[in-house]
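1. With the sequence up front, the predicted model follows.
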Amino acid sequence: MDNNIAYGLMLATLGFFGYIGYNSVVNKEINSDEYLSARGTQNSMSITLSLFASGMGIWVLLAPSEVGYYGGFWDVFGYALSASTPFLLLAYVGPMVRERLPEGVTLADYAKSRAGRPMQIYVGLISILYMFTFLFAEFTAIGKVMEILVGMDPLVPMVAVGLVTAGYTAYGGLPASLETDKIQAWAIMFLISTLLVILFIGDINSLISDAKSYTPEDIEWDWYHGSISDTSTFKSGLALVVAITAAEMFSQGNWQRAWASEDEKSLKKAAITASLIVFPLIFIMGFLGTSVAGQGAVSDPSVSFFYLIEDIGLFFVVAFVILSIALVCSSADTLQNAIIASISRDICDDKISLNSAKYLTVAMIPLAIYLATGPTIAGFELDSGGVFEIFLRADLYAAATVGPVLLTLWDRVSSKGSLFGAFSGLLSVVIYGTLTQDFSAGIDYLFSPTNDAGLANLEVFLSALLGSSIVTILVSYIMPDEE
């Protein structure tokens, strides 16, 4: 595709979403609460579409197929399950949290109501770390995808997406994000379904045969990977479920939509429906990664899916450009408003003005784009591998905190118990490392919670989750809240 046509198509797609976001609030007066929560305004269909769209970033075209390329059945299954379990958990605990705190905006708001201001700040900081990592990873991904599809300089789509999404999100807040989510969700479902159907009907037997095969080159090194028939990766697949489910509980975009729902019944229905849509999509994308591995080793497994569509025609390039822009916008606008919600409510204790929130929405974009370019900071190269490490680290901190936060739904858990439990989660990781190896290994796990193969370490994540939960319960019995 000619570069001028590619630029025009990208800008037209961005302009359309920008217009939808702007037009949705242009004649409305929005106060701070509506800007961050859109409280009680969305029916179950709107929340379903929004949860789906905001959760389906451009990582859908990269991460599942990369996991499939390296892993076997359980890695693919675990990744798909980990994409849907946060919605299932939201369907269960979301209505309870809403009922107990009708005026909330973030999960940390609820943590404050049950465990005090220190817990709110702690949960807020973890949420911001996770969401900002997700945001600049999305910018990295759109740059990589547009470079592959049309040979575009990666920085151009990063800047274009950043400017447009920050523009309509800063102007209209969560209401604008929700309105664009509806269009983006339908576009994503239609385009992905159409493209996958065409891909599968082309030569489904070859895709299945390749998926069952191991990477041929692996025979030389006696290391096998990439077969959907390989069921030896159960532990790493389970680790993904634990890590990502815990982390997604701190994605405040989901919690904003919990309060945006018109009632608890709508929230529950929407979250369950979104999980049912997400699971098969991620599983199929992971399956395609195993097909690529079966065809032979590739130079960049993070773009495995695109090796299947190397010779696609102009129509498909156009479709993928639109799909890619829809995917990145649907997650980027959600993350921007959710980060601002956490800064405003959790860190600043709701003491910054609406105008300040708008300025901060725009101000975060240059930093996110800078990090997305892969700079070297303090000797640490922030390339795609570095991003993976940061994601796992953020996931670990979330796993160490999610138990104490959710246990506060039990009335017998005290504020001191949950706070001690949250800090004990990371201490449990150090203890696990010390008992299994030595003290330095325990410290290392806090910064790199992986096993020898570089995959998520199940035992490390379980030690964080179980250790924090056990301490929360024990301290709550010893130090109950005063009546």
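-> Done, it's in.
2. Nearest spatial neighbour of Lys416, chain-adjacent residues omitted?
-> Nearest residue to Lys416 in three dimensions, chain neighbours excluded: Met479, at 4.5 Å (CB to CB, 6 or more residues apart in numbering). Yep, even glycine has a C-beta here, placed from its N, CA and C like the rest.
3. which residues in the stretch 201-350 of the chain form helices?
-> 234-248, 252-260, 264-295, 304-307, 314-341 (DSSP state H, counting those that start in this stretch).
4. most packed of the ones you listed?
-> Most buried of these, by mean neighbour count (mean count of other CB atoms under 10 Å): helix 252-260, with a mean of 27.
5. List every C-alpha atom in that one, with coordinates, as CSV.
-> The C-alpha trace of helix 252-260 is given here as CSV (Å, rounded to 0.1, in the frame of the first residue of the first chain):
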residue,chain,number,x,y,z
GLN,A,252,-9.7,0.8,37.0
GLY,A,253,-11.4,1.0,33.6
ASN,A,254,-13.4,-2.1,34.6
TRP,A,255,-14.4,-0.6,37.9
GLN,A,256,-15.4,2.7,36.4
ARG,A,257,-17.8,0.7,34.2
ALA,A,258,-19.1,-1.1,37.2
TRP,A,259,-20.5,2.2,38.5
ALA,A,260,-21.4,3.4,35.1
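6. May I see the domains of the protein written out as residue ranges?
-> The record's domain parsing of the chain by automatic domain parsing lists 3-373, 378-483.
7. Need the winner for burial among those.
-> domain 3-373 (a mean of 21).
8. and the gap between the residue nearest to Lys416 and Met119?
-> 14 Å (CB to CB, to the nearest Å).
9. Same question for Met96.
-> 18 Å.
10. ditto for Ile272
-> 29 Å.
11. same question, Val328
-> 33 Å.
12. Same check on Asn27?
-> Counting by CB to CB, the gap from Asn27 to Met119 is 40 Å.
13. before we move on, what about Ala166?
-> Using CB to CB, Ala166 is found at 30 Å from Met119.
14. And Gly162, by the same measure?
-> Remark: distance between Gly162 and Met119 (CB to CB) = 32 Å.
15. May I have the residues that are in contact with the residue nearest to Asn254 when sequence neighbours are not counted?
-> Closest residue to Asn254 apart from its sequence neighbours, by CB to CB, 6+ apart: Leu90 at 5.6 Å. Leu90 makes contact with 51, 254-255, 258, 267, 271, according to CB atoms under 8 Å, 6 or more residues apart in numbering.
16. can you tell me which of those lies nearest to Tyr445?
-> Asn254 (27.3 Å; CB to CB).
17. List the residues that contact that closest one.
-> Counting by CB under 8 Å, 6+ apart, Asn254 touches 51, 54-55, 86-87, 90, 248.
18. same question, Ala187
-> Contacts of Ala187 (CB under 8 Å, 6+ apart): 322-323, 326.
19. need those in CSV with pLDDT and distance to Thr13, can you?
-> Formatted as CSV, those follow (pLDDT from 0 to 100; distance: CB to CB, whole Å):
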residue, pLDDT, distance to Thr13
Ile322, 92, 5
Leu323, 91, 9
Ala326, 93, 7
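20. which among those gets closest to Pro102?
-> Here the nearest of the contacts of Ala187 to Pro102, counting by CB to CB, is Ala326; it sits at 33.3 Å.
21. isn't the closest one right up against Gln184?
-> Yes. Assessed by CB atoms under 8 Å, Ala326 is found in contact with Gln184 at 4.7 Å.
22. quick one: common contacting residues for the two?
-> Phe17.
23. quick one: the strands in this structure?
-> Assigned by DSSP state E, the chain shows strands spanning 376-377, 380-381.
24. hey, least reliable of those strands by pLDDT?
-> Looking at those, the lowest mean pLDDT belongs to strand 380-381 (a mean of 63).
25. What does Cys348 show for phi and psi?
-> Dihedral pair for Cys348: phi -90, psi 0, per degrees, to the nearest 10.
26. Do you know the pLDDT at it?
-> 92.
27. cool, Ala247 as well?
-> In this model, Ala247 is scored at 85, pLDDT.
28. show me the residues around it that make contact.
-> Taking CB under 8 Å, 6+ apart as the test, what Ala247 contacts is 130, 391, 394-395, 398-399.
29. at 6 Å what do you get?
-> Neighbouring residues of Ala247 by CB atoms under 6 Å, 6 or more residues apart in numbering: 130, 395, 398.
30. Relative to Val402, how far out is the first one?
-> I take that to be Tyr130. 11 Å.
31. Same question for Glu29.
-> For Glu29 relative to Val402 (CB to CB), the value is 37 Å.
32. now Gly71, nearest residue through space, not along the chain?
-> Closest residue to Gly71 apart from its sequence neighbours, by CB to CB, 6+ apart: Thr233 at 4.9 Å.
33. Wait, that neighbour touches Phe73, no?
-> No. If you go by CB atoms under 6 Å, Thr233 and Phe73 don't touch, sitting 7.3 Å apart.
34. Just list the residues touching Ala368, thanks.
-> With CB under 6 Å, 6+ apart, Ala368 has these contacts: 135-136, 139.
35. Just name the shakiest helix or strand of this structure by mean pLDDT.
-> In the chain, the helix or strand scored least confidently by mean pLDDT, DSSP states H and E is strand 380-381, which has a mean of 63.
36. so where's this protein uncertain?
-> Under the criterion pLDDT under 70, the flagged ranges of the chain are 1, 217-226, 378-390, 453-454, 483.
37. same thing but 50
-> Within the chain, the ranges that satisfy pLDDT under 50 run 221-222.
38. now stretch 312-326: how far from the chain's centre is it?
-> Its chain's C-alpha centre and that of stretch 312-326 lie 23 Å apart, by CA atoms, centre = their mean, to the nearest Å.
39. actually stretch 407-422, not the one I wrote
-> 26 Å.
40. Quick one: residues in contact with it.
-> Applying CB under 6 Å, 6+ apart, the contact partners of stretch 407-422 are 96, 114-116, 119, 122, 401, 404, 468, 471-472, 475-476, 479-481.
41. Need the max-distance pair from these.
-> Using CB to CB, the contacts of stretch 407-422 reach their maximum pairwise distance at Met96 and Met479, which is 24.0 Å.
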